[in-house]
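Peer 1: Only the shape, not the letters, is given here:
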């Protein structure tokens, strides 16, 4: 027994055998992304435990990100591009392999078909795979046949969010916005939408780390608002009106006087045929930006025309099925309703203007009072 232990200690923890030499050696550094196919066997056993080709996707690693099976990071750094090699690895370095294997095998399964892998489940039910249970209970040396098919240095690929630092996410946000703008100008709205959506997601990840309404959070919110408006514009073109309303509501929560958010929400309400809300938002936008007078007038006219068209279809239906007197009553009620809606919209806008004027007068009055008080104090002294 002692001789066997001594022999085990003398065996190298990782032994390499080249099966097919590669064509280019590249020195790997932290952040490098590598892709490889692998086969796993028990040492001195021809039966295959796992084969990545049967999973329809190569294994992907980003070096320096603390992957559970650290020995794979060591292995790929000993290889050239397109090299195929067999590595025999001591069992002490393969303790995590059963868990990695289970994760890979569970990909594609429905959630209810996957077995949770906590300590209690392992003890009572196992991992759900007999060969992995055996490997977990009786560890052995493993053989990995690795084919290194791709090497991408950090500067050669676009990092995923989880790989990025906060500074990298901020830089990526600006890059995505510019890319989205280019797609939008080229009328490639689906591609622009993806860029704006990803940029919003990155900003939201940064906002989570800040205390709401602090200076840093407000700064990020000011970056998020135009991105969300651009995304809403793409959804407006796609006819997804209620999504546009939702996103514009969020912008208006951050900035209640945002004219673009009001105008785009008005367009979405008009598209979803919420005419009262559309009129109100158009008039509110006009109250904040007088240069929109002609545009708002045109949009309100379009709503009125559409209202008349809809009324015409209702009249036709009534004329087909109802008496003349009933039709006249319905038409009169409809006109009253339209007049009341328009009056209510104009009245609300008038009340808002009056309130703004009163607030401005109060501010001016308080300013004059402060000046008078300051002058009195000087005369007293």
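Peer 2: Okay, I see it. It should be emphasised that the depicted structure is a prediction, and the values quoted were computed from it without experimental measurement. Numbering: from 1, shown residues only.

Peer 1: From start to finish, how long is stretch 88-98 in a straight line?
Peer 2: One end of stretch 88-98 to the other measures 16 Å (Cα to Cα, to the nearest Å).

Peer 1: Give me the distance between that stretch and the centre of its chain.
Peer 2: 37 Å (Cα atoms, centre = their mean, to the nearest Å).

Peer 1: Please list the outside residues in contact with that stretch.
Peer 2: 11-15, 17, 40, 43, 68-71, 75, 127, 132, 135-136, 139-144 (Cβ atoms under 8 Å, 6 or more residues apart in numbering). For every residue, glycine as well, the C-beta is placed using N, CA and C.

Peer 1: ditto for stretch 198-212
Peer 2: The contact list for stretch 198-212 (Cβ under 8 Å, 6+ apart) reads 161, 164, 166, 169-170, 172-173, 176-177, 180, 216-217, 220-221, 223-224, 227-228, 231.

Peer 1: same deal with stretch 17-30?
Peer 2: Stretch 17-30 has contacts (Cβ under 8 Å, 6+ apart) with 34, 63-64, 76-77, 79-88, 145, 148, 151, 153-154.

Peer 1: which among those residues end up buried?
Peer 2: 34, 63, 76, 79, 83-85, 87-88, 145, 148, 151 (16 or more other Cβ atoms under 10 Å).

Peer 1: biggest separation within those residues, which pair?
Peer 2: Using Cβ to Cβ, those span at most 23.4 Å, a distance reached by 88 and 151.

Peer 1: sorry, back to before: where strands are concerned, which of the contacts of stretch 17-30 count?
Peer 2: Cross-referencing these against strands under DSSP state E gives 34, 84-88, 145, 148, 151.

Peer 1: Tell me which two in those residues are the farthest apart.
Peer 2: 88 and 151 (23.4 Å).

Peer 1: Now intersect the contacts of stretch 88-98 with the helices, please.
Peer 2: Mapping the contacts of stretch 88-98 onto helices (DSSP state H) picks out 70-71, 75, 132, 135-136.

Peer 1: Quick one, which of these are buried?
Peer 2: Those of these that meet the buried threshold are 71, 75, 132, 135-136, by 16+ other Cβ under 10 Å.

Peer 1: Now that we're looking at the residue lying closest to residue 70 once chain neighbours are set aside, what pLDDT does it have?
Peer 2: With sequence-adjacent residues excluded and distances taken as Cβ to Cβ, 6 or more residues apart in numbering, residue 70 is closest to residue 93, at 7.7 Å. You'll see residue 93 listed with a pLDDT of 93.

Peer 1: go on, residue 286?
Peer 2: pLDDT for residue 286: 93.

Peer 1: ditto for the one 5 residues further on
Peer 2: Model confidence at residue 291, given as pLDDT, is 93.

Peer 1: Likewise for residue 211?
Peer 2: In the predicted model, residue 211 carries a pLDDT score of 88.

Peer 1: Look up phi and psi at it.
Peer 2: When read as degrees, to the nearest 10, the backbone of residue 211 gives phi -80, psi 130.

Peer 1: That one: neighbour count?
Peer 2: The number of residues packed near residue 211 is 9, by other Cβ atoms under 10 Å.

Peer 1: Also the one 10 residues further on?
Peer 2: Here the number of neighbours of residue 221 (other Cβ under 10 Å) works out to 19.

Peer 1: Which strand or helix spans it?
Peer 2: Element membership for residue 221 (DSSP states H and E) is helix 215-237.

Peer 1: right, and the helix or strand after that helix?
Peer 2: From helix 215-237, the next helix or strand downstream (DSSP H and E) is helix 241-254.

Peer 1: ok, now which ones touch residue 281?
Peer 2: Applying Cβ under 8 Å, 6+ apart, we find residue 281 in contact with 262-263, 265-266, 269.

Peer 1: quick one: low-confidence ranges for this structure?
Peer 2: 1-11, 108-125, 162, 312-338, 340-343, 346, 371, 375, 377-381 (pLDDT under 70).

Peer 1: how close does the residue nearest the centre of it get to residue 189?
Peer 2: Nearest to the geometric centre of the chain sits residue 201, at 3.6 Å (Cα atoms, centre = their mean). Distance, residue 201 to residue 189, using Cβ to Cβ, to the nearest Å: 19 Å.

Peer 1: swap in residue 307?
Peer 2: Counting by Cβ to Cβ - residue 307 and residue 189 are separated by 29 Å.

Peer 1: residue ranges of the strands in the stretch 51-200 of the chain, please?
Peer 2: According to DSSP state E, counting those that start in this stretch, the stretch 51-200 of the chain carries its strands in the segments 59-62, 84-89, 142-152.

Peer 1: Could you dump the ones you listed into CSV and include distance to residue 258?
Peer 2: Formatted as CSV, these follow (distance: least, Cβ to Cβ, whole Å):
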stretch, distance to residue 258
strand 59-62, 39
strand 84-89, 58
strand 142-152, 41
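
Peer 1: Which of those sits closest to residue 238?
Peer 2: Checking these against residue 238 by Cβ to Cβ gives strand 59-62 as the closest, at 32.6 Å.

Peer 1: just checking, what packs against that closest one?
Peer 2: With contacts taken as 3 or more Cβ pairs under 8 Å, 6 or more residues apart in numbering; DSSP states H and E, strand 59-62 sits against strand 33-42, helix 70-76.

Peer 1: who's the nearest residue to residue 144 once chain neighbours are set aside bridged to?
Peer 2: Leaving aside its sequence neighbours, residue 144 sits nearest to residue 87 (Cβ to Cβ, 6+ apart; 4.8 Å). Applying DSSP bridges to residue 87 gives these bridge partners: residue 16, residue 144.

Peer 1: my guess is residue 87 meets residue 15, correct?
Peer 2: Yes - taking contacts as Cβ atoms under 8 Å, residue 87 lies within contact range of residue 15: 6.9 Å.
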